[in-house]
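# any chance you can model this:
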Amino acid sequence: MSELAGQRILLGVSGGIAAYKAADLVRRLQDAGAEVRVVMTEGAQQFVTATTFQALSGHPVRTSLWDAAAEAAMGHIELARWATRILIAPASADVLARLAHGFANDLLSTLCLASEAPVVVVPAMNRVMWAHAATRANLATLVARGVTVLGPGEGDQACGEVGAGRMLEPLQIVQALASASRPSLLSGRQVLISAGPTFEDLDPVRFLGNRSSGKMGFALAAVAAAMGARVTLVAGPVSLATPPGVQRVDVRRAAQMRDAVLAALPGQDVYIGAAAVADYAPVETQPQKIKKTGETLAVQLVRTPDILAEVAAHAARPHLVVGFAAETNDLDTYARDKLRRKGLDLIAANDVSAQGIGFESEDNALAVFDAERRFDIPRGTKTAVAGALLALIAERLGTRA
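Numbers count the residues shown, from 1 in each chain. Sure, this is the predicted structure:
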């Protein structure tokens with residue numbers, strides 16, 4: 001049975017060309033067992049008619065806070081109490097701004113303020129609007145309040161430009177919602193996750209680093225918390241908001257990450273090493289900026305601590321130790337070797353040379369290995385992929401209980 005079976009989802013559709021995808025989303029949600037009712041903004045009605053959503057959902061579509069018949073019995077309050085989840089897809093830049101600032105001058109924004117149901121937004125807008133500082137600030141405000149943000153994806157846009165801002169496909173949205181609807185899978189479990197890069201300083205202004213954004217590790221932390229786990233997140237230097245309910249420890253260097261992980265290790269059920277830890281660090285960090293004085297510069301490097309191997313061999317070893325392997329070739333060979341060599345229970349490998357997944361992207365795809373088998377998690381948002389990996393981890397924990 002789907003995790004969405006029996007859920008009452010209030011689907012808010014805002015203005016934008018992606019509104020046409022919301023019609024398919026209604027069907028996908030119903031196929032997953034959810035009951036769906038639709039609220040449309042005035043802008044959404046310029047792209048898709050209310051009749052379409054009424055026919056698909058089987059319920060009247062609400063479009064106005066000033067519907068005399070519905071509001072005779074305070075219909076917006078009734079609808080706000082009915083929903084077990086509010087999903088806004090597409091969520092325009094305007095809607096995100098309204099929610100962030102607590103406006104209540106149309107039906108959708110009023111429902112969000114009047115409901116205690118969790119809110120999920122699926123942004124869709126032009127790439128420049130998505131990157132604008134105002135949009136980023138509004139998103140940060142919403143995430144800090146516990147709103148879940150799915151996407152956006154990247155690709156061709158209706159305006160003819162290419163970039164981030166596309167609404168996720170309906171099936172991706174349903175998968176992500178299902179992953180976040182598994183609160184019992186990790187209930188009571190303690191999960192320790194490391195995420196992001198490490199920066200190894202050469203001098204006060206330069207460092208050795210890598211392209212890890214931390215998004216995969218933060219997605220794992222967010223979904224694990226939604227599944228009921230007590231999550232500790234050891235984060236390298238990234239500019240990402242702390243997921244709701246997650247305890248965060250910020251570090252910069254590999255040695256600091258190692259110390260923070262080992263300090264948090266006792267009592268953990270799972271350790272997931274999603275961080276891209278530097279393999280080498282400078283032997284010495286110069287106290288002053290290194291000046292350009294010659295044609296070449298030699299820097300002596302020393303290996304950093306092997307956090308994964310140390311956790312796997314530790315006296316306080318968790319029940320499951322899960323590693324990540326970012327590879328550009330021979331993925332199976334290198335992943336299986338790392339699994340065996342470091343004494344891991346599972347390893348999640350991804351091909352970071354593939355376009356649109358891995359580093360600095362919103363999507364991912366994983367090949368997960370244990371000592372005997374390979375499990376493939378197909379391409380999806382990092383939230384959806386995190387849910388699939390954590391479901392596999394929860395299943396493995398169950399067999400070891």
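
# mind checking which helix or strand of the chain has the lowest mean pLDDT?
Counting by mean pLDDT, DSSP states H and E, the chain has its least confident helix or strand at helix 68-71, which shows a mean of 54.

# contacts for the very next helix or strand once past that one?
Next helix or strand after helix 68-71 toward the C-terminus (DSSP states H and E): helix 75-82. For helix 75-82, contacts defined as C-beta atoms under 8 Å, 6 or more residues apart in numbering pick out 8, 10, 37, 39, 62, 65, 67, 70, 107, 110-111, 114-115, 117. Just so you know, the C-beta spots here come from the backbone N, C-alpha and C atoms, and that holds for glycine as well.

# may I see the PyMOL selection of the buried members of those residues?
With 16 or more other C-beta atoms under 10 Å as the burial test, the buried ones among these are selected in PyMOL as follows:
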select buried, resi 10+37+39+62+65+70+107+110+111+114+115+117
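
# now the contacts of helix 75-82 in a markdown table, with distance to residue 219 and secondary structure?
Shown next, in a markdown table, are the contacts of helix 75-82 (distance: C-beta to C-beta, whole Å; DSSP: H, G, I helix; E, B strand; the rest coil):
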| residue | distance to residue 219 | secondary structure |
| --- | --- | --- |
| 8 | 26 | strand |
| 10 | 24 | strand |
| 37 | 29 | strand |
| 39 | 28 | strand |
| 62 | 32 | strand |
| 65 | 35 | coil |
| 67 | 39 | coil |
| 70 | 38 | helix |
| 107 | 31 | helix |
| 110 | 31 | helix |
| 111 | 27 | helix |
| 114 | 29 | helix |
| 115 | 25 | coil |
| 117 | 22 | coil |
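
# nearest to residue 230, of the contacts of helix 75-82?
residue 117 (23.5 Å; C-beta to C-beta).

# circling back: pLDDT check: weakest of the contacts of helix 75-82?
Lowest pLDDT within the contacts of helix 75-82 is found at residue 70 (54).

# domain assignment for this protein?
Using automatic domain parsing, the domain parsing of the chain gives 8-179, 190-400.

# which stretch in the ones you listed is the model least sure about?
Of all the domains of the chain, domain 8-179 has the smallest average pLDDT, which comes to a mean of 86.

# strands of the stretch 301-401 of the chain, start to end?
301-303, 320-327, 346-351, 363-369, 374-381 (DSSP state E, counting those that start in this stretch).

# what's the angle from the third one to strand 374-381?
In other words, strand 346-351. 50 degrees (axes from the mean of the first three to the mean of the last three C-alpha atoms, to 10 degrees).

# isn't residue 210 up against residue 236?
No - taking contacts as C-beta atoms under 8 Å, residue 210 lies outside contact range of residue 236: 9.5 Å.

# in JSON lines: the strands of the stretch 301-401 of the chain, plus mean neighbour count and distance to residue 174.
Output for those, formatted as JSON lines (neighbours: other C-beta atoms under 10 Å; distance: least, C-beta to C-beta, whole Å):
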{"stretch": "strand 301-303", "mean neighbour count": "11", "distance to residue 174": "44"}
{"stretch": "strand 320-327", "mean neighbour count": "23", "distance to residue 174": "26"}
{"stretch": "strand 346-351", "mean neighbour count": "23", "distance to residue 174": "23"}
{"stretch": "strand 363-369", "mean neighbour count": "22", "distance to residue 174": "16"}
{"stretch": "strand 374-381", "mean neighbour count": "16", "distance to residue 174": "11"}
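
# which one, of those strands, ends up nearest to residue 160?
Per C-beta to C-beta, nearest to residue 160 of the strands of the stretch 301-401 of the chain: strand 363-369, 22.4 Å.

# tell me which element the nearest residue to residue 149 once chain neighbours are set aside is part of?
Distance criterion C-beta to C-beta, 6 or more residues apart in numbering; nearest residue to residue 149, sequence neighbours excluded, is residue 121 at 5.6 Å. If you go by DSSP H and E, residue 121 is part of strand 119-123.

# what's downstream of that strand, the next helix or strand?
Counting by DSSP H and E, what follows strand 119-123 is helix 127-131.

# run the chain-centre distance for that following helix.
19 Å (C-alpha atoms, centre = their mean, to the nearest Å).

# for this structure, what spans make up the helices?
Ranges of helices in the chain, per DSSP state H, are 19-31, 50-57, 68-71, 75-82, 93-100, 107-114, 127-131, 133-144, 170-179, 215-226, 254-264, 307-312, 331-342, 382-400.

# the fifth one packs against which elements?
I take that to be helix 93-100. helix 107-114, strand 119-123, helix 133-144 (3 or more C-beta pairs under 8 Å, 6 or more residues apart in numbering; DSSP states H and E).

# most packed of the helices of the chain?
With neighbours defined as mean count of other C-beta atoms under 10 Å, the helices of the chain peak in mean count at helix 215-226, which reaches a mean of 28.
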